[in-house]
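A.B. asks: Here is a sequence with its predicted model. Questions after.
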Amino acid sequence: MNVYKKVAIIGTGTMGPGMGAVLERAGCETRLYDVSQAALDKAAIVLNIARGVLDRLEAPQTAGGSIRFCTELADAVKDADLVIEAVPEKLELKHEVFNQILKLAPAHAVLASNTSGIPITKIAEGCDSGTERIIGMHWSNPPHLIPLIEVIPGNGTSDAVTQQLMKFSESFGYSAVLEKEVLGFVENRILYAILRECVDLVERGIISHSDMDTCVKWGIGYKLAVIGPLELIDMAGLDIYRSVASYLNKDLSTASEVSPMITKIADQGRLGMKTKGGIYDYTDEQIAAKGAARAAKLIAVRKVLSE
Ligand SMILES: NC(=O)c1ccc[n+]([C@@H]2O[C@H](COP(=O)([O-])OP(=O)(O)OC[C@H]3O[C@@H](n4cnc5c(N)ncnc54)[C@H](O)[C@@H]3O)[C@@H](O)[C@H]2O)c1
């Protein structure tokens with residue numbers, strides 16, 4: 001039996017429906033609430049896609065799970081054991097939503113934020129009560145495919161709530177990692193360190209953008225999916241790492257501003273797949289084909305890595 005049986009997800013944009021599908025499959029009575037009817041309508045479609053992916057993953061299923069769409073916040077949270085907030089990344093909005101939830105949810109409910117990087121202590125500071133029950137639960141996008149949850153207690157979060165959320169996240173087969181508060185949280189810090197170096201090397205003409213993608217996918221990505229970075233240091237040898245890092249670290253990008261290359265392309269209105277062009281160009285057919293291939297490969301890789 002799950003630590004949290006009844007779960008409410010607040011905000012059903014990019015993240016909400018996939019998280020809902022995972023929790024439904026984990027046996028939770030799951031409520032999805034959004035202020036926008038259009039978002040709820042779209043969420044119903046995305047939820048079915050996510051359910052299909054979980055079937056293809058052959059993810060374990062616990063009986064008793066369900067999904068209910070709600071148009072009233074009170075209805076969504078009134079008997080919730082866990083509330084997961086997934087509204088846009090604005091501190092004032094998070095404060096407003098958390099204070100509403102605190103008034104409407106049971107006193108025992110744990111209030112988790114899926115924020116990508118706002119410190120949990122800052123979210124709790126704007127709340128009228130409940131600090132010990134407020135915690136970060138950061139899922140990775142797409143949440144139904146990437147089985148990792150970063151758990152981030154704030155200064156006032158109780159240890160019991162932190163341990164409970166770790167246990168809950170692991171109960172449905174996800175890996176949960178515990179972190180102290182740090183800007184951006186750990187996963188995104190690593191990603192952004194990699195992205196900064198990649199963009200810098202392409203910008204300096206050291207490598208083309210397509211060769212960069214090949215280099216990272218086959219040289220680093222493939223390997224890191226099997227061997228963690230600290231395991232990799234042990235595998236290579238600390239003597240080797242120390243001697244290479246002693247000259248290479250000095251030469252890596254330390255740029256604190258966003259790269260001029262990215263700024264220039266973005267200023268032209270080229271925002272990536274959503275505008276059919278960014279660093280690469282895309283047709284509608286290519287976007288659809290890439291999406292399908294990406295999902296199929298991630299499913300296959302996750303199955304192998306879970307063996
Ligand atoms: N998109 C990602 O890749 C990703 C990954 C991890 C974490 N996150 C974080 O998750 C949170 C949600 O991100 P997203 O990408 O799903 O956002 P989104 O903009 O796609 O969706 C947010 C949803 O919240 C709804 N909303 C706005 N105000 C609301 C309110 N008062 N009550 C209920 N619903 C409300 C909106 O209508 C919208 O449907 C953010 O904090 C974000 O930083 C996003």
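C.D. replies: Received, thanks.
A.B. asks: tell me which parts of the chain are close to the ligand?
C.D. replies: 10-16, 33-36, 39, 86-89, 97, 114-116, 138-139, 141 (CB under 6 Å from any ligand atom). The C-beta positions use only the backbone N, C-alpha and C, and glycine is treated the same way.
A.B. asks: mind listing what the residue in the chain positioned nearest to the ligand touches?
C.D. replies: Nearest to the ligand in the chain, going by CB to the nearest ligand atom, is residue 13, at a distance of 1.8 Å. By CB atoms under 8 Å, 6 or more residues apart in numbering, the contact set of residue 13 is 34, 39, 86, 88.
A.B. asks: what's the neighbour count on the third one?
C.D. replies: For residue 86, the tally of surrounding residues (other CB atoms under 10 Å) stands at 27.
A.B. asks: Now it. Nearest residue, chain neighbours left out?
C.D. replies: residue 11 (3.9 Å; CB to CB, 6 or more residues apart in numbering).
A.B. asks: What of residue 61?
C.D. replies: Nearest to residue 61 is residue 25, by CB to CB, 6+ apart, at 5.3 Å.
A.B. asks: what's the neighbour count on the one you found?
C.D. replies: Neighbour number of residue 25 under other CB under 10 Å is 22.
A.B. asks: tell me the contacts of it?
C.D. replies: Residue 25 touches 51, 54, 59, 60, 61, 62, 65, 172, counting by CB under 8 Å, 6+ apart.
A.B. asks: Those residues in helices, which ones?
C.D. replies: Within those, residues falling in helices by DSSP state H are 51, 54.
A.B. asks: residue ranges of the helices in this protein, please?
C.D. replies: Going by DSSP H, the chain shows helices at 16-25, 37-57, 73-77, 91-104, 120-125, 159-171, 185-203, 209-214, 222-224, 229-236, 238-248, 260-267, 284-305.
A.B. asks: which stretch among those comes nearest residue 274?
C.D. replies: For those, distance to residue 274 was read as CB to CB. The smallest value, 9.1 Å, belongs to helix 284-305.
A.B. asks: So which elements touch that closest one?
C.D. replies: helix 37-57 (3 or more CB pairs under 8 Å, 6 or more residues apart in numbering; DSSP states H and E).
A.B. asks: For the helix it packs on, which helices and strands make contact with it?
C.D. replies: helix 16-25, strand 29-33, strand 66-70, helix 284-305.
A.B. asks: Next, format those as JSON lines and append distance to residue 126 and mean pLDDT.
C.D. replies: Shown next, in JSON lines, are the helices and strands packed on helix 37-57 (distance: least, CB to CB, whole Å; pLDDT from 0 to 100):
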{"stretch": "helix 16-25", "distance to residue 126": "22", "mean pLDDT": "98"}
{"stretch": "strand 29-33", "distance to residue 126": "20", "mean pLDDT": "98"}
{"stretch": "strand 66-70", "distance to residue 126": "24", "mean pLDDT": "98"}
{"stretch": "helix 284-305", "distance to residue 126": "36", "mean pLDDT": "94"}
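A.B. asks: Compare these and give me the one nearest residue 253.
C.D. replies: From the helices and strands packed on helix 37-57, taking CB to CB, the stretch that ends up closest is helix 284-305, at 27.3 Å.
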